[in-house]
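**Q** The following block contains a protein sequence and its predicted model.
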Amino acid sequence: GPMKTTFQSSKLFDGFSTCFRQWRAEGTHCKYLHGYDVSFRVWFVGDLDEKNWVFDFGGMKRAQQNIEGMNPSDYFKWLLDHTVILAQDDPELKTFQELDKKGVIQLRILPQVGCERFAEFLFHKIDQFCSVETKGRVKVSKVEIYENHKNAAAFIRE
């Protein structure tokens, strides 16, 4: 059949200094607390709007909708900037919650830790946001997380 075509655009969100530990990574140094210069790229697909854009890149700041009660840009900062991310089943969670209470760290707890899981987590948050913000015109097709300039992982809509 004829090739189906659509428009796609992408935006890079960067400048996040994020610390995490993968407690299940026994036998590797990833079980220790370690930090990255985290960034992520989001791919948007859909029909063009009246300005001929798939998704307004400045739209995250001007958005009507929010993510967890925050404008998306603020949410990404809250989640990733100078934070420590732990899995909700981390056996040392209480220790880190104490450090958070003392103001030593800014703790964020996610279902699971690691670039693949962060990509999946952000994919769903941003896709839901886009769907409502654009009344279904735009979907997220991919979120790729970079833990540095060499390593990345993505979650992709099939």
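**A** The structure has been received and is ready for your questions. Numbers count the residues shown, from 1 in each chain.
**Q** shaky segments in this protein?
**A** Along the chain, no part satisfies pLDDT under 70.
**Q** What ranges does it have for its strands?
**A** For the chain, the strands defined by DSSP state E occupy 7-20, 34-46, 83-87, 107-110, 138-146, 152-156.
**Q** Tell me how far the fourth one lies from the chain's centre.
**A** From the chain centre to the centre of strand 107-110 is a distance of 13 Å (C-alpha atoms, centre = their mean, to the nearest Å).
**Q** Return the list of strands paired to it, each annotated with direction.
**A** strand 83-87 (parallel) (DSSP bridges).
**Q** Output the longest helix belonging to the protein.
**A** Ranked by number of residues, the top helix in the chain under DSSP state H is helix 115-133.
**Q** Figure out which of the strands of the chain is closest to residue 72.
**A** Residue 72 sits nearest to strand 7-20 of all the strands of the chain, at 9.0 Å, using C-beta to C-beta. No exception for glycine: its C-beta is placed from N, CA and C like everyone else's.
**Q** what angle separates that closest one from strand 83-87?
**A** Angle between the axes of strand 7-20 and strand 83-87 is 90 degrees (criterion: axes from the mean of the first three to the mean of the last three C-alpha atoms, to 10 degrees).
**Q** Report all helices and strands that strand 7-20 contacts.
**A** strand 34-46, helix 72-80, strand 83-87 (3 or more C-beta pairs under 8 Å, 6 or more residues apart in numbering; DSSP states H and E).
**Q** Can you give the contact residues for the last one?
**A** The list of residues contacting strand 83-87 from outside it, by C-beta atoms under 8 Å, 6 or more residues apart in numbering, reads 18-24, 33, 79, 92-93, 96, 99-100, 105-113, 118.
**Q** run the last query once more with 10 Å
**A** Contact partners of strand 83-87, identified using C-beta atoms under 10 Å, 6 or more residues apart in numbering, comprise 16-24, 33, 35, 38, 77, 79, 92-93, 95-97, 99-100, 104-114, 117-118, 121.
**Q** Now, of the residues you listed, which are buried?
**A** Applying 16 or more other C-beta atoms under 10 Å to these, the neighbour count classes 16, 18-23, 38, 77, 79, 96, 100, 105, 107-109, 113-114, 117-118, 121 as buried.
**Q** picking that back up, mind checking which of the strands of the chain is nearest residue 57?
**A** Judging the strands of the chain by C-beta to C-beta, what sits closest to residue 57 is strand 7-20, at 5.3 Å.
**Q** Can you dump the C-alpha atoms of the closest one in CSV for me?
**A** Extracted C-alpha coordinates of strand 7-20, given in CSV (Å, rounded to 0.1, in the frame of the first residue of the first chain):
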residue,chain,number,x,y,z
PHE,A,7,5.5,15.0,10.7
GLN,A,8,7.9,14.5,13.5
SER,A,9,9.9,16.9,15.6
SER,A,10,12.1,16.6,18.6
LYS,A,11,13.3,18.6,21.5
LEU,A,12,16.3,18.1,23.8
PHE,A,13,15.9,18.9,27.5
ASP,A,14,19.3,19.2,29.2
GLY,A,15,21.3,20.6,32.0
PHE,A,16,20.2,18.2,34.7
SER,A,17,22.6,17.0,37.3
THR,A,18,21.1,13.7,38.6
CYS,A,19,22.3,11.1,41.1
PHE,A,20,20.9,7.6,41.3
